[in-house]
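>>> With the sequence up front, the predicted model follows.
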Amino acid sequence: QVQLVESGGGLEQAGGSLRLACAVSGRTGSNYAIGWFRQAPGKEREFVAAISWSGGRTYYADSVKGRFTISRDIAKNTVYLQMNSLKPEDTAVYYCAARGGVVTRSPHEYDYWGQGTQVTVSS
């Protein structure tokens, strides 16, 4: 089992920044991927960013490329999502998720999920 706990959400003005954290614990193995997804009211859950734990390779949705940065702290078993230049359309519940193996962009291919953290961006 893998446990994921998100933190760092909140209310921010457009143009501002927030940093989300995802603490990872449990039996992850050595080759796994952590993804960040978001879901706005009435919309499907969508891919935001992901990172391969072993190699650190990163992947981004086009909508956040250049504004968001995903990173990992191996010593702390934590993945971060630095969100800059926030826009009102970034408002959503943000989830981190884990899967064994390579990074994918489909939420259906992730096995473990955190409880989510709300991000609200005001205009």
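Sure, I can see it. Keep in mind that this is a model prediction, so the values were computed, not measured.

>>> Wait, a helix at residue 81?
No - with DSSP: H, G, I helix; E, B strand; the rest coil as the criterion, residue 81 is assigned strand and is not in a helix.

>>> Now it: closest residue in space, sequence neighbours ignored.
Once flanking residues are discounted, residue 81 sits nearest to residue 20: 4.3 Å by Cβ to Cβ, 6 or more residues apart in numbering. Yep, even glycine has a C-beta here, placed from its N, CA and C like the rest.

>>> Just the element for that neighbour, please.
strand 18-26 (DSSP states H and E).

>>> Just list the residues touching the residue most central in space within the chain, thanks.
With distances taken as Cα atoms, centre = their mean, residue 36 lies nearest the centre of the chain, 2.2 Å away. Under the criterion of Cβ atoms under 8 Å, 6 or more residues apart in numbering, the contact list for residue 36 reads 20, 22, 48-50, 70, 79, 81, 94-97.

>>> which one of those residues has the most neighbours?
In terms of neighbour count, residue 96 stands highest of the contacts of residue 36 at 31 neighbours, by other Cβ atoms under 10 Å.

>>> List phi and psi for that residue.
For residue 96, the backbone dihedrals (degrees, to the nearest 10) come out as phi -100, psi 150.

>>> Next one: residue 29, what pLDDT does it get?
Here, the pLDDT recorded for residue 29 equals 74.

>>> Tell me how many other residues surround it.
Residues contacting residue 29 under the criterion other Cβ under 10 Å number 11.

>>> cool, and residue 63?
Neighbours of residue 63 (other Cβ under 10 Å): 14.

>>> Quick one: residues contacting it.
If you count contacts by Cβ under 8 Å, 6+ apart, residue 63 has them with residue 89.

>>> Give the bridge partners for the residue lying closest to residue 111 once chain neighbours are set aside, please.
Using Cβ to Cβ, 6+ apart and skipping the chain neighbours, the partner closest in space to residue 111 is residue 99 (5.3 Å). The partner list for residue 99 in beta bridges (DSSP bridges) reads residue 33.
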